[in-house]
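A.B. asks: Okay, predicted coordinates and the sequence, questions at the end:
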Amino acid sequence: LESKMATLTTLTALLYCLVSFSIAIQQGVQSDEYDVVVYGATSGGIMAAVAASKLGSKVALLDPGHRIGGMTTGGLGKTDVGNPQVIGGMALQFYKMNGAHYNKSVEYDVEASVALALFEKIIKGTTVTLVQNALVASVQKSGPRLTSLTTVDGRTFLGKTFVDASYEGDLMARSGVSYTYGRESSSQYNESLNGYRDSNEGHEFGVAVNPFAADNKTLLPMVVAPTPNMTVGMADKKVQSYNFRVCVTTNKDNQVPFPKPANYDPAYWELARRYFTIPEIASKANAPCGNVAGYCGGSIPNNKQDLNNGGPISTDFVGGAHNYPDANYSEREQIFQAHKDYMQGFLWFMSNDEALSPALKAKFQSFGLCKDEFVDSDNWPTQMYVREARRMVGDKIFTQNTPSETRTWGNASIGCGSYNFDSHTAERLACASSLECNGVGPKASGAYAWNEGDVETGPGIYDIPIWVLFPKKEEAINLLVGASPSASHIGMSTLRMEPQFMIMGQSVGVISAIYAMNKSDSALIQDVDVDAVHSHLLQQGQLMGAACGIAPPAPPPPIETYMVNGAGPCSLYSNQWVHDLYRCPCLGMNGVNGNYTTDPSQQRDPGEPFLTKDGDPGAYQIYRIKGKWRIAKSSVAVYYEASGLNQMQPPTTGWVVANGTAPAPTLKRVAIVNSQ
């Protein structure tokens, strides 16, 4: 009841604020027209707006809430940098500004209040119009062209170009653009890490913890039953866990005690109680960060820590966000509150539960909320860490394989990434036996809890291609999506870091400004001049390709060219090729000892291979030189062989026409054939 009353009170207050704000707005301007309308004042949204403004665009930056900066100002202080050599452009300028605050050349870790002040300073130095409390309600279109968006309080913003920089992809979804959420099957894009998992890289129990109540039938809170017939790699609509990145400190002069949630129920934490009272776990609880500590505290400036998930039961509200991506605003508010209740309950439990060891409680009691952060919201972040929600489905999809298949995209690159494929636990399962959970989990003869879904695997340094920003042409021709790009679940798990959102945001801003200069209403943003975009990004310090440390791609295998010109002897041909020494391989008539002849006994039968070679990967090109030689009616084809065949026999079974190129995967031998 208390939980319901708290939720009702929150929703009532929210409604009151919206109505009051709507009345105030109705007294002013109802609609404005802009070159670029950016929805979402996340770190990437700010970079998009500023980059477009620098190129002369009139820009509106719409913030759905009242605190700009997304997770960079929302508590994520221990920045997911990856390899810092890939961070350039406006993102690097921001981190240098942050460093200057501490008399350093660059500082990637941030205090939320400092980051907020820096973003506000950046925006004030431009002509960007910042509009806050602007939740999108609907989008107006003319065919595939977006013409305006309207907020829930009735304001309308007209634009030439629109950008969705929200973590949720709300503008994209309301624009009729294809999207998905959850996990694809591993077979859909040939991704070994996607779909339901049978092994985890971290955040596992490691020991058997019974997830059932005393009757051995009723599930404890915090666990769910395994989905029947679920097999490894299957798709589902589960999303990785969310949490709050709370600022904590051991500085008593800057502490606020962890609050006890009004709806706190000690019974809810029984699984955690069983886990943290196992002697071998309790003895390791003083570790600052790890698989058993219950938290991961990342040090940030001024004796503060960014409290993140660490271990099997921690700050991540496992399974609490599955409905968030497609939820309406009211439902999201309830999910937000549930996450807040969970994490505040976790901190209270770890600090006060009677069953826990004094050493473990003392560790958590040494912390408190940072008194000088989030001062207008009881020192608690107003931004929940939405690690992944909707993802656009464009004509091309950034997958697990994209970084390794094509590490650099030349002028079609918009920046670089390097962080892990990083996906947090999707669900916590109550396994009655190992048979119920595909044989994974601790080696136990009885029941146990198992966290499913964690992925932590590095892709190396890679280029981010421009096409991740583009919707399908038939769906939207003047929309770019920067924070919910065209990626699979695993592809998104490396793109979703704040530095990459800033990098993609800057690129989105440049593309938007270039597109807005176009006078044609039929122009497609997907056809933007990539060379012009590349040039502007270079001028703005963006790093791409070799500048990120990406080695240039290996040159393709050389194309082997054999010129058949009718004049040279057989010695002109490589001795790697097998041919009849008495009859040189020529186009048209076949010759003897390098000379042409019309003697039928010296001519090849139509379709008989006259040049074969053991296959090498690469391309094979055939040149025909016209002249006095009678080759006008000659037809030459390249064949490749997947199985053994006598090299001098006509191609029958086992030979396939390759249209000038021999596919490498099945290549065994190559034959050049004159079919006439």
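C.D. replies: That came through fine.
A.B. asks: Show me the helices in the stretch 351-500 of the chain, by range?
C.D. replies: For the stretch 351-500 of the chain, the helices defined by DSSP state H, counting those that start in this stretch occupy 358-365, 402-405, 489-495, 498-516.
A.B. asks: go on, the stretch 151-300 of the chain?
C.D. replies: Using DSSP H, counting those that start in this stretch, the helices of the stretch 151-300 of the chain run over 170-174, 270-276, 279-282.
A.B. asks: Please identify which of the helices of the stretch 351-500 of the chain is closest to residue 381.
C.D. replies: Residue 381 sits nearest to helix 498-516 of all the helices of the stretch 351-500 of the chain, at 14.1 Å, using CB to CB. Glycine gets a C-beta too; all of them are placed from N, C-alpha and C.
A.B. asks: Give me the mean pLDDT for that closest one.
C.D. replies: Mean pLDDT, helix 498-516: 97.
A.B. asks: All further residue positions should be reported with the first residue as 234.
C.D. replies: With 234 as the first residue, the last one maps to helix 731-749.
A.B. asks: thinking again about what came up before, compile the helices of the stretch 584-733 of the chain into CSV and extend it with columns for mean neighbour count.
C.D. replies: CSV is the format used below for the helices of the stretch 584-733 of the chain (neighbours: other CB atoms under 10 Å):
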stretch, mean neighbour count
helix 591-598, 16
helix 635-638, 17
helix 722-728, 27
helix 731-749, 28
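A.B. asks: so which of these gets nearest residue 290?
C.D. replies: helix 731-749 (4.4 Å).
A.B. asks: Can you give me the buried ones in the very next helix or strand once past the closest one?
C.D. replies: Moving toward the C-terminus from helix 731-749, the next helix or strand (DSSP states H and E) is helix 763-772. Within helix 763-772, the residues that count as buried by 16 or more other CB atoms under 10 Å are 763, 766-767, 769-770.
A.B. asks: what's the closest of these to residue 681?
C.D. replies: residue 770 (50.7 Å).
A.B. asks: Surely the closest one is in contact with residue 738?
C.D. replies: No: if you go by CB atoms under 8 Å, residue 770 and residue 738 don't touch, sitting 12.0 Å apart.
A.B. asks: And the helices of the stretch 384-533 of the chain, which one averages the lowest pLDDT?
C.D. replies: Among those, helix 512-515 scores lowest, with a mean of 84.
A.B. asks: out of the buried residues of helix 763-772, which one sits closest to residue 315?
C.D. replies: Ranked by distance to residue 315 (CB to CB), the buried residues of helix 763-772 are led by residue 770 at 19.5 Å.
A.B. asks: mind listing what that closest one touches?
C.D. replies: Residues in contact with residue 770 (CB atoms under 8 Å, 6 or more residues apart in numbering) are 322, 647-648, 739-740, 743, 777.
A.B. asks: These into a markdown table, with extra columns for distance to residue 690?
C.D. replies: Output for those, formatted as a markdown table (distance: CB to CB, whole Å):
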| residue | distance to residue 690 |
| --- | --- |
| 322 | 27 |
| 647 | 24 |
| 648 | 21 |
| 739 | 27 |
| 740 | 26 |
| 743 | 31 |
| 777 | 24 |
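A.B. asks: which of these sit farthest apart?
C.D. replies: Comparing all pairs in these by CB to CB, the longest separation belongs to 743 and 777, at 12.5 Å.
A.B. asks: I'd like the average pLDDT over stretch 662-678.
C.D. replies: Mean predicted confidence for stretch 662-678 is 84.
A.B. asks: Span of that stretch from start to end?
C.D. replies: 16 Å (CA to CA, to the nearest Å).
A.B. asks: which of the residues in that stretch are buried?
C.D. replies: For stretch 662-678, the neighbour count (16+ other CB under 10 Å) marks 662-665, 667, 669-671, 673-674, 677 as buried.
A.B. asks: do the same with stretch 614-630
C.D. replies: Across stretch 614-630, burial judged by 16+ other CB under 10 Å covers 614, 616-627, 630.
A.B. asks: export that stretch as PDB, just CAs?
C.D. replies: Listed next in PDB are the C-alpha coordinates belonging to stretch 614-630 (Å, rounded to 0.1, in the frame of the first residue of the first chain):
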ATOM      1  CA  PRO A 614      20.300  10.900  -9.600                       C
ATOM      2  CA  THR A 615      17.300  11.800 -11.700                       C
ATOM      3  CA  GLN A 616      18.700   9.800 -14.600                       C
ATOM      4  CA  MET A 617      18.300   6.000 -14.500                       C
ATOM      5  CA  TYR A 618      21.100   4.200 -16.300                       C
ATOM      6  CA  VAL A 619      19.200   3.000 -19.400                       C
ATOM      7  CA  ARG A 620      22.000   0.900 -20.800                       C
ATOM      8  CA  GLU A 621      20.000  -0.200 -23.800                       C
ATOM      9  CA  ALA A 622      16.400   0.200 -24.900                       C
ATOM     10  CA  ARG A 623      15.100   0.500 -28.400                       C
ATOM     11  CA  ARG A 624      17.500   0.000 -31.300                       C
ATOM     12  CA  MET A 625      16.900   1.200 -34.900                       C
ATOM     13  CA  VAL A 626      16.700  -1.400 -37.700                       C
ATOM     14  CA  GLY A 627      18.300   0.300 -40.700                       C
ATOM     15  CA  ASP A 628      19.300  -1.100 -44.000                       C
ATOM     16  CA  LYS A 629      22.600  -2.200 -42.400                       C
ATOM     17  CA  ILE A 630      23.100  -3.500 -38.800                       C
END
